[in-house]
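A.B. asks: starting from these lines, generate the structure:
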Amino acid sequence: MTHNPLLLLLLDSSNRSSELVKVLQKKDLTLEVVRSEAEARRWLEENQCQAIFLAVSSLQFQGSFLGDLQNIAASVAFIVAASEPSVNDAVIALQAGAVDYLEMPVSENRLDSALDKAGVRRRIAPVNQPPAKIEKGCAAIIGNSSVMRQVFSLIKKVCDAETTVLVRGESGTGKELIAQALHYEGVRGAGPFVPVNCGAIPGELLESELFGHEKGAFTHAIRTRLGRFELANGGTVFLDEISEMSPMLQVKLLRVLQEKEFERIGGTKTIRSDFRVVAATNRDLEQEVQAGRFREDLYYRLNVIPIEAPPLRDRRQDIPLLVEHFVARFNRLRKKKIKGVAEEVMVRFTCYTWPGNVRELENMLERMVILTGGEVLSVADLPERLLAAGTIPIEQVEELPGQGFFLNEVVADFEKRLILQALEQTDWVKNRAAKLLNVNRTTLIEKMKRFKLISSSAEA
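C.D. replies: Numbering: from 1, shown residues only. All right, here's what the predicted structure looks like:
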């Protein structure tokens with residue numbers, strides 16, 4: 001069987017595309033070059049690749065193809081490079097799931113960064129250029145809060161174990177990063193890490209993705225294809241969104257976990273593979289079991305060692321660290337020179353509830369970095385949903401972040417809200433409000449002036 005190419009390169013008629021091919025070939029990448037969407041679709045139906053690179057003039061004719069990538073190559077990272085770039089195209093590409101959006105001609109530094117984000121392993125490092133530093137394991141997870149230190153401690157304890165691990169947590173909390181840390185921190189770190197998004201791959205295709213198929217097993221199966229369990233020999237299989245797996249596949253998965261053997265679709269030969277399974281879900285699997293949507297025996301087989309991925313609202317003290325990390329990264333990727341964020345922006349970040357967790361913070365900062373016209377991200381760069389959001393009581397901040405906390409702003413905001421509550425409860429009778437707050441009337445009025453709740457000329 002021939003070796004599958006690492007990179008599928010889709011080129012349009014851009015004159016600069018040939019230069020891109022030369023740069024990629026210098027890196028000794030195995031390329032498969034196609035010249036149209038239709039050709040790319042046909043190739044992906046029959047082959048596998050590590051990443052997809054779309055080198056186009058613009059996204060005018062690629063929009064539908066970007067969406068279809070979620071179905072035809074759900075677990076494959078893709079990069080977009082445009083010779084006629086625009087902010088609108090960048091937003092479209094990133095919303096569709098692209099790991100990076102580049103402007104052609106692409107410098108080697110930018111290209112290497114994009115390939116690293118896509119997980120493409122180059123066999124030869126660029127000439128006269130040190131290899132990019134890629135953090136792996138726990139070092140790839142940003143956080144110093146008490147809840148994250150507990151997660152790091154648990155990862156260190158179980159990374160060398162062969163038992164299955166179930167990572168539970170809301171969407172956007174970094175469950176895959178935890179799975180990667182379990183892999184790279186342990187004895188299997190030198191082997192392959194093979195992710196499978198069970199919710200993004202249609203049910204009828206997921207079985208083939210996991211177990212592979214033999215030539216002729218079904219229509220369009222024109223060659224033998226290795227499954228993810230076979231490719232993960234010596235490494236780790238990460239089954240994300242495990243709750244989306246069909247009941248039929250749950251039965252087959254249970255056998256694979258118990259026996260570490262399986263057959264390809266259409267095959268009779270039993271294949272053994274040495275892999276560890278880490279699964280993840282954003283649902284309550286116990287409730288899924290009670291509702292009859294998830295097998296109880298599979299749940300207990302997966303939940304040998306549970307790890308909770310904490311939501312961002314429970315680790316607010318990590319927000320300054322995350323902001324610094326993402327701003328620095330997007331500065332490199334977008335060729336920007338953002339120096340940081342305004343204090344008021346950081347206060348709002350710290351007070352926001354982040355329903356989308358770290359992923360929401362990352363996407364928001366990328367948008368702000370792309371669209372800002374200044375060197376410091378300001379309140380004017382914030383999206384409307386964050387401007388309209390409320391704040392949190394001070395007592396919810398469980399510990400100070402490692403890089404400091406904007407205490408004056410948060411205390412002032414908290415004090416202002418308490419004064420407003422006291423005034424509203426007393427129909428704005430200052431004497432009664434002062435008694436409710438246990439302060440002098442004159443002190444209350446001075447604070448009301450400072451917070452612009454009354455005019456500065458008002459008499460005490």
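
A.B. asks: show me where the stretch 301-450 of the chain has its helices.
C.D. replies: 319-334, 343-351, 357-371, 384-387, 407-425, 430-437, 441-450 (DSSP state H, counting those that start in this stretch).

A.B. asks: between those helices, which gets nearest to Gly172?
C.D. replies: helix 357-371 (3.3 Å; C-beta to C-beta). C-betas here are computed from N, CA, C, even on glycine.

A.B. asks: hmm, who's touching that closest one?
C.D. replies: 87, 90-91, 94, 170-174, 311-312, 319, 322-323, 326-327, 330-331, 334, 336, 338, 349, 354, 356, 377, 381-383, 386 (C-beta atoms under 8 Å, 6 or more residues apart in numbering).

A.B. asks: so which of the helices of the stretch 301-450 of the chain is nearest Leu66?
C.D. replies: Of those, the one closest to Leu66 (C-beta to C-beta) turns out to be helix 357-371, at 16.4 Å.

A.B. asks: next, the buried residues of the closest one.
C.D. replies: Neighbour-count burial for helix 357-371, with 16 or more other C-beta atoms under 10 Å as criterion, is recorded at 357-358, 360-370.

A.B. asks: just flag the most distant two among those.
C.D. replies: Maximum pairwise distance among the buried residues of helix 357-371 (C-beta to C-beta): 20.9 Å, between Asn357 and Ile370.

A.B. asks: between the two ends of stretch 135-149, how far is it?
C.D. replies: 17 Å (C-alpha to C-alpha, to the nearest Å).

A.B. asks: flag every buried residue along it.
C.D. replies: 137-138, 141-145, 147-148.

A.B. asks: looking at the residues you listed, which is nearest Pro192?
C.D. replies: The closest of the buried residues of stretch 135-149, once distances to Pro192 are taken by C-beta to C-beta, is Gly137, at 15.4 Å.

A.B. asks: hang on, isn't the closest one packed against Leu177?
C.D. replies: No. With contact defined as C-beta atoms under 8 Å, Gly137 does not reach Leu177; the gap is 9.6 Å.

A.B. asks: which neighbours do those two share?
C.D. replies: With C-beta under 8 Å, 6+ apart, Gly137 and Leu177 have no common neighbours.

A.B. asks: Ile52 reaches Leu66, doesn't it?
C.D. replies: No. The pair Ile52 / Leu66 is not scored as a contact, 10.1 Å apart, by C-beta under 8 Å.

A.B. asks: higher neighbour count, the two?
C.D. replies: Ranked by neighbour count (other C-beta atoms under 10 Å), Ile52 and Leu66 place Ile52 first, with 25 against 18.

A.B. asks: where does the prediction get shaky in the stretch 1-150 of the chain?
C.D. replies: 1-5, 13-18, 28, 59-64, 67-68, 70-72, 74-75, 87, 95, 121-134 (pLDDT under 70).

A.B. asks: and the strands in it?
C.D. replies: 7-11, 31-34, 51-56, 77-82, 100-103 (DSSP state E, counting those that start in this stretch).

A.B. asks: repeat that for the stretch 201-350 of the chain.
C.D. replies: Under DSSP E, counting those that start in this stretch, the stretch 201-350 of the chain gives strands at 212-213, 225-226, 235-240, 261-262, 271-272, 275-281, 305-308, 340-341.

A.B. asks: in ChimeraX, select just the buried ones from the contacts of helix 357-371.
C.D. replies: Buried subset of those, written as a ChimeraX selection, criterion 16+ other C-beta under 10 Å:
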select :90,91,94,170,172,173,174,311,312,319,322,323,326,327,330,334,338,349,354,356,377,381,382,386
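
A.B. asks: mind checking the SS state of the residue nearest to Ile141 when sequence neighbours are not counted?
C.D. replies: Nearest residue to Ile141 in three dimensions, chain neighbours excluded: Leu177, at 5.1 Å (C-beta to C-beta, 6 or more residues apart in numbering). Three-state call for Leu177 (DSSP: H, G, I helix; E, B strand; the rest coil): helix.

A.B. asks: burial check on Leu177, number of neighbours?
C.D. replies: 18.

A.B. asks: quick one: the nearest residue to Arg295 once chain neighbours are set aside from Leu444, how far?
C.D. replies: Nearest in space to Arg295, with sequence neighbours left out and distances taken as C-beta to C-beta, 6+ apart, is Gln250 at 4.8 Å. Distance of Gln250 to Leu444, computed by C-beta to C-beta, to the nearest Å: 63 Å.

A.B. asks: what's the burial count for Lys339?
C.D. replies: 11.

A.B. asks: wait, isn't it in contact with Leu377?
C.D. replies: No. The criterion here is C-beta under 8 Å, and Lys339 misses it with Leu377 at 9.0 Å.

A.B. asks: quick one on the thing from earlier: a markdown table please, covering the buried residues of helix 357-371 and showing pLDDT and distance to Leu205.
C.D. replies: A markdown table is the format used below for the buried residues of helix 357-371 (pLDDT from 0 to 100; distance: C-beta to C-beta, whole Å):
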| residue | pLDDT | distance to Leu205 |
| --- | --- | --- |
| Asn357 | 95 | 28 |
| Val358 | 95 | 29 |
| Glu360 | 94 | 29 |
| Leu361 | 95 | 32 |
| Glu362 | 93 | 29 |
| Asn363 | 92 | 28 |
| Met364 | 94 | 33 |
| Leu365 | 95 | 34 |
| Glu366 | 92 | 30 |
| Arg367 | 92 | 32 |
| Met368 | 94 | 37 |
| Val369 | 93 | 36 |
| Ile370 | 91 | 34 |
